[in-house]
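**Q** Using only what follows, build the 3D model:
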Amino acid sequence: MLTPDEAAALAERVLERRFPEADYGFAAGSFMRGEATAGSDIDLVVVCARLKAAHRRAFTVEGTPVEAFVHDPETLAWAWRDEANVGRAAFRTMVAEGRIVGPRRRGAAAIQRRAQSWLAKGPPPLTPEQRDRARYHITDKIGDLRDPRPAEQLPALAFALYDPIAELILRGAGQWAANGKWIPRRLRALDPALADDFVAAFEALLARKDPAPLIAFAERVLAPHGGWLFEGYESAWPAGNRIKRRKPRSPAARDL
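**A** Have a look, this model is predicted:
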């Protein structure tokens, strides 16, 4: 298993061999935290002076998987803003916590400080629309759990509720949202007892086919935000979300 220093040295070689146009990068992830497992990869944010478009590449170097997120400063700023709009900070976290590598590092430290500052401030508060959309979604899926369901449907409902419930907890507490394996870690950092209850509620549904703990937990999470929401909920699509029908040509015009 690579040490953090060895992983950083590998990231340097990746930049040199695969991204010679790059000015610098941020090597991040479990290798850099000293927490890597056999299935871990190196997350590498690659920063070039100017790109036609940001892109992502996955490959293996010297037996170690690498996920490279290739940006220039403008596309990186766009990614940060896009994530912040939904209360997430994956790219910002990689930059804030990563180790700076690469041949031309001027400006890298300033970008890293900016990422660290934004992370410390936390996400923008939930808007009423975001809050009510989460309440409605959770209410709707919990409604499916209140009636007897075939066991084969329970994992799908658990997956549909896992991220939204965690996001409402975290965003409601002024924390950045997370997804996947990061959810239990973020919840535990916020409130260890609450994280235990979250895990136990989903284990009850998935391991024992018992929805009652998850229903009770969801009600507890929703309570500070107004509780269940179904009756009267409304949401509108943007007015421009349409494909306009072409006007039919007149028979006379078709004959021309």
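**Q** For Gly240, grab the count of nearby residues.
**A** 5 (other C-beta atoms under 10 Å). Where C-beta positions appear, they are placed from N, C-alpha and C, glycine not excepted.
**Q** which stretches of this structure form helices?
**A** 4-18, 30-33, 73-85, 90-97, 108-121, 128-146, 154-172, 182-190, 192-208, 212-222, 251-255 (DSSP state H).
**Q** Is it possible to get TSV of the ones you listed that adds mean neighbour count?
**A** Putting those into TSV (neighbours: other C-beta atoms under 10 Å) gives the following:
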stretch	mean neighbour count
helix 4-18	17
helix 30-33	19
helix 73-85	15
helix 90-97	21
helix 108-121	15
helix 128-146	17
helix 154-172	19
helix 182-190	16
helix 192-208	15
helix 212-222	18
helix 251-255	7
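**Q** Of the ones you listed, which is nearest Leu229?
**A** helix 128-146 (3.9 Å; C-beta to C-beta).
**Q** beta partners of Pro65?
**A** On the basis of DSSP bridges, Pro65 is bridged to Thr60.
**Q** which residues does it contact?
**A** Residues in contact with Pro65 (C-beta atoms under 8 Å, 6 or more residues apart in numbering) are Ser40, Asp41, Ile42, Ala58, Phe59.
**Q** The first one: what's it in contact with?
**A** If you count contacts by C-beta under 8 Å, 6+ apart, Ser40 has them with Gly29, Ser30, Phe31, Pro65.
**Q** Could you check how far the residue nearest to Gly174 when sequence neighbours are not counted is from Phe198?
**A** Residue nearest to Gly174 in three dimensions, not counting chain neighbours: Gly122, with 4.9 Å by C-beta to C-beta, 6 or more residues apart in numbering. Separation of Gly122 from Phe198 (C-beta to C-beta, to the nearest Å): 20 Å.
**Q** The residue nearest to Gly174 against Trp176, yeah?
**A** Yes: counting by C-beta atoms under 8 Å, Gly122 touches Trp176, with 6.7 Å between them.
**Q** between those two, which one's more packed in?
**A** Trp176 (22 against 15).
**Q** residues near the residue nearest to the more buried one when sequence neighbours are not counted, how many?
**A** Of all residues not flanking Trp176 in the chain, Ala89 sits nearest, at 4.5 Å (C-beta to C-beta, 6+ apart). By other C-beta under 10 Å, 22 other residues sit near Ala89.
**Q** do His55 as well
**A** 12.
**Q** got it, and Gly87?
**A** 20.
**Q** OK, contacts around it?
**A** Pro123, Pro124, Leu126, Glu167, Leu170, Arg171, Trp176, Ala177.
**Q** do Ala89 as well
**A** By C-beta under 8 Å, 6+ apart, the neighbours of Ala89 are Trp80, Glu83, Trp118, Leu119, Pro123, Trp176.
**Q** gap between it and Ala58?
**A** Applying C-beta to C-beta to Ala89 and Ala58 gives a distance of 21 Å.
**Q** likewise Asp23?
**A** From Asp23 to Ala58 the distance is 22 Å (C-beta to C-beta).
**Q** Show me which of the two is the more surrounded one.
**A** Legend: neighbour count by other C-beta under 10 Å for Asp23 and Ala58, higher for Asp23 (19 against 9).
**Q** Run through the stretch 151-256 of the chain and note the low-pLDDT ranges.
**A** 248-256 (pLDDT under 70).
**Q** One more pass at 50, please.
**A** For the stretch 151-256 of the chain, not a single residue meets the criterion pLDDT under 50.
**Q** Domain boundaries for the protein, per the record?
**A** 4-119, 128-225 (automatic domain parsing).
**Q** what's the span of the first one from first residue to last?
**A** Spelled out, that is domain 4-119. End-to-end distance for domain 4-119: 23 Å, by C-alpha to C-alpha, to the nearest Å.
**Q** that older thread, and the residue nearest to Gly174, what pLDDT?
**A** At Gly122, the predicted lDDT confidence score is 92.
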